[in-house]
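> Here is a sequence with its predicted model. Questions after.
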Amino acid sequence: MKSAAVVLAVLLAYQCLAGRPPPRRQVPLVRTGHGGWSLSQASKPSNVNDRDMCKFCVDFAYDAIETIGEAILQGGLTQGCEKLCSIVANKTGSEAVEVACDTLCFLVGFDEFVHAFNKADVDPIYYCELLKQCPIVDNGDATITNLTVTPKSGPQGDFLIDMEYETKNGTGTGELLIHIDPADHGLQIGASFLNEPQDPGTYDAQITLHAVPDPDCVFPCQSFEPGVYNVTMHICNGQCMSQHPHSKIYDKKKTNFTITGPAPTDPPRL
């Protein structure tokens, strides 16, 4: 009971430091800089345990996994959790990341924390599975039964991508991955979202794409010019396209939508 209370206290501290509720329902795992994304998903109670710590761990890994290796090289390998996590925090500039790093490192032990990083490469989901913070389900399955975009055709603005899927054996810790590819111009864009383990049943997820050019973008960005946009949705066990264990594509499905022109402008007020 005491250890559970400590973990809960640290989880609450992490959420306060981050200045937001537990993420992943709305925050894309892959930051693309192209347009804006949001996810809503109907969840059912699951018999699979450790879901809260899994979200906590994957969030940390996506924020910090690229800096852990640098921290190890800069003297963190032999000096324990406190030194390693302080280097990671300095590199990320995030006190919340330091709290998460300290929590996970002390929870699983320094040797296991570093060993899992070396084994997982840059796969946050597999990393958290190695740390035993995310459940592993290797006999899972999922079939996408419906994929639609609303509106099917319209000016720049919000497009709702609605996916329905069913699973007979349940799913493991994985992700929803979406790619959108203009048929004849522009850049491919995409995002992925953590999909927590689910029991057998039918589920749905709605992803909203804010298809409006970002005037402040300093990278090559999608301009959302008129044309046909091809949508490919994946549902995966583990990270999609990963070569690590416990990873595979359950299913994928394609559809498209059309952008007809720029977003309408409000008439000037008199």
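Yep, that arrived.
> Buried residues of stretch 153-163, list them for me.
154, 156, 159, 161, 163 (16 or more other Cβ atoms under 10 Å). To be clear about C-beta, it is placed using only N, CA and C from the backbone, and glycine gets the same treatment.
> do stretch 178-191 as well
178-182, 186, 189-191.
> what's the answer for stretch 56-76, then?
So stretch 56-76, judged by 16+ other Cβ under 10 Å, has buried residues 56-65, 67-68, 71-72, 76.
> Go through those residues and flag which are in strands.
Among the buried residues of stretch 56-76, no member falls in strands (DSSP state E).
> of the buried residues of stretch 178-191, the lowest pLDDT goes to which?
Lowest pLDDT within those is found at Gly186 (72).
> which one is that one nearest to, not counting chain neighbours?
Using Cβ to Cβ, 6 or more residues apart in numbering and skipping residues adjacent in sequence, the residue nearest Gly186 is Gln222, 5.4 Å away.
> Tell me how far the closest residue in space to Thr148 that isn't next to it in sequence lies from Phe257.
In this structure, Thr148 finds its nearest non-sequential neighbour in Asp162, 5.1 Å apart by Cβ to Cβ, 6+ apart. Per Cβ to Cβ, to the nearest Å, Asp162 is found 12 Å from Phe257.
> Which neighbours do those two have in common?
Val149 (Cβ atoms under 8 Å, 6 or more residues apart in numbering).
> Flag the shaky bits of the protein, pLDDT-wise.
Low-confidence segments of the chain (pLDDT under 70): 1-36, 38-51, 75-78, 266-270.
> Just to check, the residue nearest to Thr148 is in contact with Ile144?
No - at 11.1 Å, Asp162 does not count as touching Ile144 under the criterion of Cβ atoms under 8 Å.
> possible to save the buried residues of stretch 153-163 as a markdown table with distance to Thr208 and secondary structure?
Output for the buried residues of stretch 153-163, formatted as a markdown table (distance: Cβ to Cβ, whole Å; DSSP: H, G, I helix; E, B strand; the rest coil):
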| residue | distance to Thr208 | secondary structure |
| --- | --- | --- |
| Gly154 | 14 | strand |
| Gln156 | 14 | coil |
| Phe159 | 7 | strand |
| Ile161 | 7 | strand |
| Met163 | 12 | strand |
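> Pick out whichever of those residues sits closest to Gly238.
Closest approach between the buried residues of stretch 153-163 and Gly238, by Cβ to Cβ: Met163, at 18.6 Å.
> how about stretch 192-207 as CSV, C-alpha atoms only?
The C-alpha coordinates for stretch 192-207 follow below in CSV (Å, rounded to 0.1, in the frame of the first residue of the first chain):
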residue,chain,number,x,y,z
SER,A,192,0.4,8.7,-33.8
PHE,A,193,-1.5,8.2,-30.6
LEU,A,194,-1.0,5.7,-27.8
ASN,A,195,-3.7,3.0,-27.8
GLU,A,196,-3.8,1.3,-24.4
PRO,A,197,-4.5,-2.4,-24.0
GLN,A,198,-8.2,-3.2,-24.6
ASP,A,199,-10.4,-6.2,-23.9
PRO,A,200,-12.3,-7.9,-26.7
GLY,A,201,-15.0,-5.7,-28.1
THR,A,202,-15.9,-2.9,-30.5
TYR,A,203,-14.3,0.5,-30.3
ASP,A,204,-14.2,3.8,-32.1
ALA,A,205,-11.8,6.7,-32.3
GLN,A,206,-12.2,10.2,-33.8
ILE,A,207,-9.2,12.2,-35.0
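> all strands of the stretch 101-250 of the chain, in order?
Taking DSSP state E, counting those that start in this stretch, the strands of the stretch 101-250 of the chain run over residues 143-150, 153-154, 157-167, 174-182, 189-195, 201-211, 227-237, 248-259.
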